[in-house]
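Student: how does the following fold in three dimensions:
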Amino acid sequence: MDAISPSRRISDPAKGGWRLGLARLLGLTQPQPRAGAGRRNWPDRVFDDAPVGIAVAEPGGRIVETNRTLAALLGQSVESVLGRSVETLFAPSSRNAVQRLCESRFGAELPAPIEAKLASEGRERVVLLHGRALPSHVAGEAGPTALYFVDLTDQKNLEAQFAQSQKMQAVGQLAGGIAHDFNNLLTAMIGFCDLLLLRHKPGDPSFGDIMQIKQNANRAANLVRQLLAFSRQQTLQPRLLDITDVLAELTHLLRRLIGENIELDMVHGRDLGLIKVDQGQLEQVLINLAVNARDAMPDGGKLTISTESRDTVEPIRQGLDEMPPGRWISVSVKDTGIGIPKENLARIFEPFFSTKEIGSGTGLGLSTVYGIVRQTGGFVFVDSAPGEGAVFSIYLPRHEGSAAPADSEAVSERAVADLTGAGGVLLVEDEDAVRSFSARALRNKGYVVWEANSGEAALELFNGEAAGVDLLVSDVIMPSMDGPSLARRLREARPDLKVIFISGYTEDRFSRHLELGDGIHFLAKPFSLKQLATKVKEVMQGDEASAPKE
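Tutor: From the prediction side, this is the model:
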């Protein structure tokens, strides 16, 4: 198609000009230029400086007039747009609808606006396209069509962001809803397995079967934790850490996970500073990314984990997330694998979305990464293309202060190696199986235990035979009287009473409503016999050390 020379543009005054027609369509008049006002008149300015893109197309579809706004939407110049067919301005999926819009006749009913994707360079743009047939200068012939392009890109992004947030909220509500009941069941399964293992030692014919039950119950508990991580509802225990130390401790495990056919390269930045994170959750993030990279390199390759300190002065945006300017420590996980197709990039952090074969995964690995990083106050971005590998970049806020001793947990574990104890425990739990297991476990460790299945029953015991109780272990959510209300009533009589709340819900869902002062502790369900006994002994002894991991 031949380009239109400036002398042939319809705005040429010698031709009468469709700009004048458009000005009249917009209710404008054609004023005479004032002295010193320049050569451009007001219709020219309205046309060129309009906040929407405007184009005029001949009946054949050739563009004979356009303004700067439309050229900017397309990422091109006005001259490069003139003379082109209207269809070439749009993505293939929108061209048929645009063609029908351009076939409308002057005087006919106005066609409804359509949403269309532009074939723009760079950022994909969506416009609301209005069409208006203009009168022809020749009787009986079709006239030109005026097209108005209203940019909807930002609006569509906001709609997508809202839809994603609604989806995350729905998943969070689902996870939170099932977590309490499901974790009660898992606590009973894991706990009674522990009680059985006290009688069936290694070498016993039943030992292997019991361990299989316990291991699968722990796997089920991990699925619940992953859902809570994605919905940012899991309980975190953040502390100041040096990311270099964390990676150094994790290197051996990562090498075992990725296999011998994949090379692992650790590149540590200098003068990084500290991050405030839950170390176990951060390790979970790195392990998930390493395993994901391994699966993307079935024939081997190279996995590079690098760190650096970054101070950003401009927001960084990818997809629906925008990272504000600030001081960050970045952890980059790069592989040389098969890469991620463009159509999957926007969905890889969605729960249950997976490109692996059925049975090869739950689709929660990357969604867990996203949830943990975002709950920690950080951001995670991905850059990939088919055949070019993938780079996951994690940005965590940089903090000032001193790192916690790396061996504090090991010291705590040695300190509570002996889990026997003495004292009175008032155990309040409305779930019979959880209460039965917990009571037996604590009695086995030497404690005197009073059991109650409700807050009211616990009050009666406290005012009677359990008057000398040293510790209250109570579920949080119970019918009629919940755990915090019970603790307040008991502490009115015994202000020094120590309390451990146990719950399948996360601690931060109710901690801000407690206001019970010191001596309040939390143990998340599901827990094992060892975790329960360790927590009780720590609280009884006034030791704030964390319970050892199994």
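Student: make it CA atoms for all contacts and neighbour counts henceforth
Tutor: Will do.
Student: buried stuff in the helix or strand hosting Gln99?
Tutor: Element membership for Gln99 (DSSP states H and E) is helix 95-102. By neighbour count on 16 or more other CA atoms under 10 Å, the buried set for helix 95-102 is Arg95, Val98, Leu101, Cys102.
Student: helices or strands up against it?
Tutor: strand 114-117, strand 126-133 (3 or more CA pairs under 8 Å, 6 or more residues apart in numbering; DSSP states H and E).
Student: who are the packing partners of the longest one?
Tutor: Just to be clear, that refers to strand 126-133. The contact analysis (3+ CA pairs under 8 Å, 6+ apart) places strand 126-133 against helix 95-102, strand 114-117, strand 145-151, helix 153-199.
Student: can I get those in a markdown table including mean pLDDT and distance to Ala346?
Tutor: Listed next are the helices and strands packed on strand 126-133 as a markdown table, based on pLDDT from 0 to 100; distance: least, CA to CA, whole Å:
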| stretch | mean pLDDT | distance to Ala346 |
| --- | --- | --- |
| helix 95-102 | 78 | 25 |
| strand 114-117 | 85 | 18 |
| strand 145-151 | 88 | 22 |
| helix 153-199 | 79 | 11 |
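Student: how much space between Gln531 and Glu538?
Tutor: As judged by CA to CA, to the nearest Å, Gln531 and Glu538 stand 11 Å apart.
Student: re the thing from before, between the buried residues of helix 95-102, which sits nearest Leu128?
Tutor: Checking the buried residues of helix 95-102 against Leu128 by CA to CA gives Val98 as the nearest, at 10.9 Å.
Student: nearest spatial neighbour of the closest one, chain-adjacent residues omitted?
Tutor: Excluding the flanking residues, the one nearest Val98 by CA to CA, 6 or more residues apart in numbering is Glu87, at 7.0 Å.
Student: quick revisit: who's in contact with the helix holding Gln99?
Tutor: Pro59, Gly61, Glu87, Pro111, Ile114, Ala116, Gly131, Ala133, Thr145 (CA atoms under 8 Å, 6 or more residues apart in numbering).
Student: list every C-alpha atom in it, with coordinates, as PDB.
Tutor: Taking Å, rounded to 0.1, in the frame of the first residue of the first chain, the C-alpha atoms of helix 95-102 are listed here in PDB:
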ATOM      1  CA  ARG A  95      -9.400  -7.900  13.400                       C
ATOM      2  CA  ASN A  96     -12.700  -9.400  12.400                       C
ATOM      3  CA  ALA A  97     -14.600  -7.400  14.900                       C
ATOM      4  CA  VAL A  98     -12.800  -4.200  13.800                       C
ATOM      5  CA  GLN A  99     -13.600  -4.900  10.200                       C
ATOM      6  CA  ARG A 100     -17.300  -5.200  11.000                       C
ATOM      7  CA  LEU A 101     -17.200  -1.900  12.900                       C
ATOM      8  CA  CYS A 102     -15.700  -0.100   9.900                       C
END
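Student: give the burial count for Ile316, as a bare number.
Tutor: For Ile316, the neighbour count with other CA atoms under 10 Å is 13.
Student: mind listing what the residue nearest to Val98 touches?
Tutor: If you count contacts by CA under 8 Å, 6+ apart, Glu87 has them with Gly61, Arg95, Val98, Gln99.
Student: and the third one, how far from Ala57?
Tutor: Counting by CA to CA, the separation of Val98 from Ala57 is 12 Å.
Student: what does Val391 give?
Tutor: Distance, Val391 to Ala57, by CA to CA: 45 Å.
Student: same question, Tyr447
Tutor: Distance, Tyr447 to Ala57, by CA to CA: 88 Å.
Student: ok, the two, which is more surrounded?
Tutor: Counted by other CA under 10 Å, Tyr447 and Ala57 do not tie: Ala57 has more neighbours, with 24 against 20.
Student: hang on, the earlier thing: what's the angle from the helix holding Gln99 to strand 126-133?
Tutor: Relative orientation of helix 95-102 and strand 126-133, computed by axes from the mean of the first three to the mean of the last three CA atoms, to 10 degrees: 30 degrees.
Student: just want the angle from helix 95-102 to strand 145-151.
Tutor: Using the same axes, to 10 degrees: helix 95-102 against strand 145-151 is 130 degrees.
Student: what about helix 95-102, distance to the chain center?
Tutor: Centroid displacement of helix 95-102 relative to its chain, using CA atoms, centre = their mean, to the nearest Å, is 38 Å.
Student: next secondary structure after the helix or strand of the chain with the lowest mean pLDDT?
Tutor: Sorting the helices and strands of the chain by mean pLDDT, DSSP states H and E puts helix 408-415 at the bottom, at a mean of 44. Remark: after helix 408-415, the chain's next helix or strand is strand 424-428, criterion DSSP H and E.
Student: in the helix or strand that comes right after that next one, what counts as buried?
Tutor: Sequence order places helix 432-444 as the next helix or strand after strand 424-428, per DSSP H and E. Applying a neighbour-count criterion of 16+ other CA under 10 Å, one finds Ala433, Val434, Arg435, Ser436, Phe437, Ser438, Ala439, Arg440, Ala441, Leu442, Arg443 buried in helix 432-444.
Student: contact partners of helix 432-444?
Tutor: By CA under 8 Å, 6+ apart, helix 432-444 touches 184-185, 187-188, 191-192, 195, 427-429, 448-449, 451, 453, 529, 532-533.
Student: so how do I select the buried members of those in PyMOL?
Tutor: A single PyMOL command is used to select the members of the contacts of helix 432-444 judged buried by 16+ other CA under 10 Å:
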select buried, resi 184+185+187+188+191+192+195+427+428+429+448+449+451+453+529+532+533
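Student: which residues does the helix or strand where Leu303 lies contact?
Tutor: Applying DSSP H and E as the criterion places Leu303 in strand 301-312. Strand 301-312 has contacts (CA under 8 Å, 6+ apart) with 261-273, 290, 293, 324-337.
Student: need the pLDDT of Tyr505.
Tutor: In this model, Tyr505 is scored at 68, pLDDT.
Student: now do the one 5 residues further on
Tutor: Phe510 carries a pLDDT score of 58 in this model.
Student: ok, the closest residue to Thr187 other than its chain neighbours - contacts?
Tutor: Leaving aside its chain neighbours, Thr187 sits nearest to Pro526 (4.3 Å; criterion: CA to CA, 6+ apart). For Pro526, the contact set (CA under 8 Å, 6+ apart) comprises Asn183, Asn184, Leu186, Thr187, Ile190, Ala221, Gly504.
Student: and with 6 Å instead?
Tutor: Counting by CA atoms under 6 Å, 6 or more residues apart in numbering, Pro526 touches Asn183, Leu186, Thr187.
Student: what helix or strand is Gln212 on?
Tutor: Going by DSSP H and E, Gln212 is in helix 207-230.
Student: which strands or helices does the helix or strand just after that helix pack on?
Tutor: Sequence order places strand 239-241 as the next helix or strand after helix 207-230, per DSSP H and E. Applying 3 or more CA pairs under 6 Å, 6 or more residues apart in numbering; DSSP states H and E, we find strand 239-241 packed against strand 274-277.
Student: I'd like the average pLDDT over the strand it packs on.
Tutor: For strand 274-277, mean pLDDT is 88.
Student: quick check: buried residues in the next helix or strand after that strand?
Tutor: Next in sequence after strand 274-277, counting helices and strands by DSSP H and E, comes helix 279-295. For helix 279-295, the neighbour count (16+ other CA under 10 Å) marks 279, 281-282, 284-294 as buried.
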